[in-house]
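Participant: Show me how the following folds:
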Amino acid sequence: MGDQVAWNTRAEVIITAPATPISFRQALRYWLKLGFISFGGPAGQIALMHQELVEKHRWISERRFLHALNYTMLLPGPEAQQLATYIGWLMHGARGGIAAGVLFVLPSLFILIALTWMYMAWGHYPAVAGALYGVKPAVVAIVAFAVYRIGSRALRNNALIAVAAAAFLAIFLSGVLWPGATTFPYIILGAALIGFVGGRGAPDKFIPDEQRGANRKDYGPALIGDDVALAAHTRFDRTQTVRRVTLTLALWLGAMGALYVWQGWHGALTQMGWFFTKAALLTFGGAYAVLPYVYQGAVEHYHWLSAAQMIDGLALGETTPGPLIMVVAFVGFVGGWTHALFGADNLVLAGVSAAVVATFFTFLPSFLFILAGAPLVEATRHEIKFTAPLSAITAAVVGVILNLALFFAWHVFWPRGWEGNFDVLALLASVVIFIGLWRYRWGVIPVVLGSAFAGLLLALL
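Facilitator: Now for the predicted structure:
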């Protein structure tokens, strides 16, 4: 008998056959496939998971999917990867969550390592340099569009606009007055304090109204449905939570301890482990939010790579699957290569080792947040909302990303500094690409690939 479709005035209801149980092996195949096709940034990755898991396979209901998404949006770290980890944990416990989270990241790590190796080995060739020249204006436009996209949602009133302006001035002036200082954490802390106070004194300015439930689709019975009883592994258990926190801390301490014994505290890999751990705890607002912090630390403080290489790394990150924060693998690889950590004859080994270290310490906290925190979230099953401090943090993020966009623009439009010639062609390309992203909804990957091809043609001509 065919599927039946019913309608009511409040929501569109699609009644289909009940979902069939999913084996761990089937789930592994899906998470691996997702790791290779998860292009489009967080929004595209979340939409892809919704289409596959909610609409097509019905592994999880719409409400449970959004409940998990609400939690991951409150956490530091890549929300799409954390959402995959959460759903994998819901289906198959800790092993399912770990598998989903690792497979979401692993393909992009391998791809980025290969691309970065080619970039370091052949980036000086005219054809490659030409392609990279074409990509740089696209990066400026993409980051500027991120400012517009996030700002249009986050800056809802004059109070939040003032927070963004203050954050911009703070990070801009710190770069002028104290070059190399990592002020980003203090800006985030200050914004959280403003939001905490403002949420009590002027809640209408800092606490957003979140309306959920209207015009929602119901895609029929799901394996993890609204009324399905909590599975045994999803129930909150204090002892199990303490065990998982202890295990994660042991992994972190073991890895940091090994690096410390091997290289000492000031060794490059040890400093990378410490730096990217802090970066992982400051990524409120997505990858674009943490890029200023990564730039301040990796470029200005540690000198692992140059500003131009940072722009190239962002371009590579935009064209590969997986979370954009995987640009940390590029930063680590370039840092290990340029500092010849294992000698001039082992540059590739140094780059791969540093990329793995950067990735491990960036993503380890995300697994802790899900495996330790999700059982409590499932036990409460209440609607999680953005808090006032997070609203202020998001507003501050707009300011620091704007500073990043201006920094990239300065290096692209004046590649040799103020004394050099202004690159009019690069400016025109950035303007055209920004209009295409804003007005015509161009995809990021076609934009980057098209820009690289245009730069290659220009170099050949």
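
Participant: what's next to stretch 120-132, contact-wise?
Facilitator: Residues from elsewhere that reach stretch 120-132, judged by C-beta atoms under 8 Å, 6 or more residues apart in numbering: 119, 312, 315, 333-334, 337, 347, 351, 452-453, 455-460. C-beta: built from backbone N, CA, C; applies to glycine.

Participant: how long is it end to end?
Facilitator: 12 Å (C-alpha to C-alpha, to the nearest Å).

Participant: Please renumber the chain so that the first residue is 7 from this point on.
Facilitator: Got it, the first residue is 7 from now on, which makes the last one we talked about stretch 126-138.

Participant: List the buried residues in it.
Facilitator: Counting neighbours by 16 or more other C-beta atoms under 10 Å, one finds that the buried residues in stretch 126-138 are 126, 134, 136-138.

Participant: Any idea how far it is from the middle of the chain?
Facilitator: Chain-centre distance of stretch 126-138: 27 Å, with C-alpha atoms, centre = their mean, to the nearest Å.

Participant: which other helices and strands contact the helix or strand harbouring Gly379?
Facilitator: Element membership of Gly379 [criterion: DSSP states H and E] is helix 353-386. In this structure, helix 353-386 makes packing contacts with helix 68-80, helix 85-128, helix 244-269, helix 274-286, helix 333-344, judged by 3 or more C-beta pairs under 8 Å, 6 or more residues apart in numbering; DSSP states H and E.

Participant: my guess is Pro143 contacts Ile439, does it?
Facilitator: Yes - using C-beta atoms under 8 Å, Pro143 makes contact with Ile439 at a distance of 6.6 Å.

Participant: Of those two, which one has the most company?
Facilitator: For Pro143 versus Ile439, the count of surrounding residues by other C-beta atoms under 10 Å is larger for Pro143: 28 against 24.

Participant: Tell me who's in contact with that one.
Facilitator: Contacts were defined as C-beta under 8 Å, 6+ apart; by that measure Pro143 touches 418, 432-433, 435-436, 439, 457.

Participant: And the furthest pair within those?
Facilitator: In those, two members sit farther apart than any others by C-beta to C-beta. They are Leu433 and Ser457, at 13.8 Å.

Participant: Just want the angle from the host helix or strand of Phe42 to helix 85-128.
Facilitator: In this structure, Phe42 sits in helix 30-43 according to DSSP H and E. Using axes from the mean of the first three to the mean of the last three C-alpha atoms, to 10 degrees, the direction of helix 30-43 lies 50 degrees away from that of helix 85-128.

Participant: tell me the mean pLDDT over helix 30-43?
Facilitator: What helix 30-43 shows for mean pLDDT is 91.

Participant: Check which helices and strands it is in contact with.
Facilitator: Counting contacts by 3+ C-beta pairs under 8 Å, 6+ apart, helix 30-43 packs against helix 47-55, helix 85-128.

Participant: if we can go back for a sec, among the contacts of Pro143, the buried ones, what's the PyMOL command?
Facilitator: In PyMOL, a selection of the buried entries from the contacts of Pro143 looks like this (16+ other C-beta under 10 Å):
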select buried, resi 418+432+435+436+439+457
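
Participant: Could you find the lowest-pLDDT member of the contacts of Pro143?
Facilitator: In terms of pLDDT, the least confident member of the contacts of Pro143 is Val418, at 87.

Participant: Give the helix, strand or coil label for it.
Facilitator: State at Val418, reduced to three classes by DSSP: H, G, I helix; E, B strand; the rest coil: helix.

Participant: excluding its backbone neighbours, what's nearest it?
Facilitator: Nearest residue to Val418, sequence neighbours excluded (C-beta to C-beta, 6 or more residues apart in numbering): Lys142, at 4.6 Å.

Participant: Pro395 now?
Facilitator: Spatially, and ignoring its direct neighbours in sequence, Pro395 is nearest to Gly201 (3.8 Å; C-beta to C-beta, 6+ apart).

Participant: wait, isn't that neighbour in contact with Ile399?
Facilitator: Yes - shown here, Gly201 and Ile399 form a contact pair, counting by C-beta under 8 Å, at 6.7 Å.

Participant: Least confident secondary structure element in this protein?
Facilitator: Taking mean pLDDT, DSSP states H and E as the measure, the helix or strand of the chain with the lowest value is strand 10-13, at a mean of 34.

Participant: In terms of helices and strands, where is the residue lying closest to Ile117 once chain neighbours are set aside?
Facilitator: In space, and not counting its chain neighbours, Ile117 is closest to Thr326: 4.9 Å by C-beta to C-beta, 6+ apart. Element membership of Thr326, judged by DSSP H and E, is empty: it is in no helix or strand.

Participant: ok, now which ones touch Thr326?
Facilitator: Shown in contact with Thr326 (C-beta under 8 Å, 6+ apart): 45, 114, 117-118, 121, 332.

Participant: can you list these in JSON lines and add neighbour count and distance to Ile66?
Facilitator: Putting these into JSON lines (neighbours: other C-beta atoms under 10 Å; distance: C-beta to C-beta, whole Å) gives the following:
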{"residue": "Phe45", "neighbour count": "17", "distance to Ile66": "22"}
{"residue": "Ser114", "neighbour count": "24", "distance to Ile66": "24"}
{"residue": "Ile117", "neighbour count": "19", "distance to Ile66": "28"}
{"residue": "Leu118", "neighbour count": "27", "distance to Ile66": "29"}
{"residue": "Leu121", "neighbour count": "18", "distance to Ile66": "33"}
{"residue": "Met332", "neighbour count": "28", "distance to Ile66": "25"}
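
Participant: Which one of those residues is nearest to Arg69?
Facilitator: Here the nearest of those to Arg69, counting by C-beta to C-beta, is Phe45; it sits at 27.1 Å.

Participant: Report how many residues lie close to Gly83.
Facilitator: When counting by other C-beta under 10 Å, one arrives at 29 neighbours for Gly83.

Participant: so it sits in a strand?
Facilitator: No - under three-state DSSP, Gly83 falls outside any strand and is assigned coil.

Participant: Tell me how far the nearest residue to it once chain neighbours are set aside lies from Leu412.
Facilitator: If the residues on either side of it in the chain are set aside, Gly83 comes closest to Ser372, at 4.2 Å by C-beta to C-beta, 6+ apart. Counting by C-beta to C-beta, to the nearest Å, the separation of Ser372 from Leu412 is 30 Å.

Participant: ditto for Leu320
Facilitator: Leu320 sits at a distance of 15 Å from Leu412 (criterion: C-beta to C-beta).

Participant: the more surrounded of these two?
Facilitator: Looking at Leu320 and Leu412 with other C-beta under 10 Å, you find the greater number of neighbours at Leu320, namely 26 against 16.

Participant: ok, now which ones touch that one?
Facilitator: 145, 148-149, 297, 333 are the contacts of Leu320 under C-beta under 8 Å, 6+ apart.

Participant: Of the residues you listed, which belong to helices?
Facilitator: With helices defined by DSSP state H, the entries of the contacts of Leu320 inside them are 145, 148-149, 297, 333.
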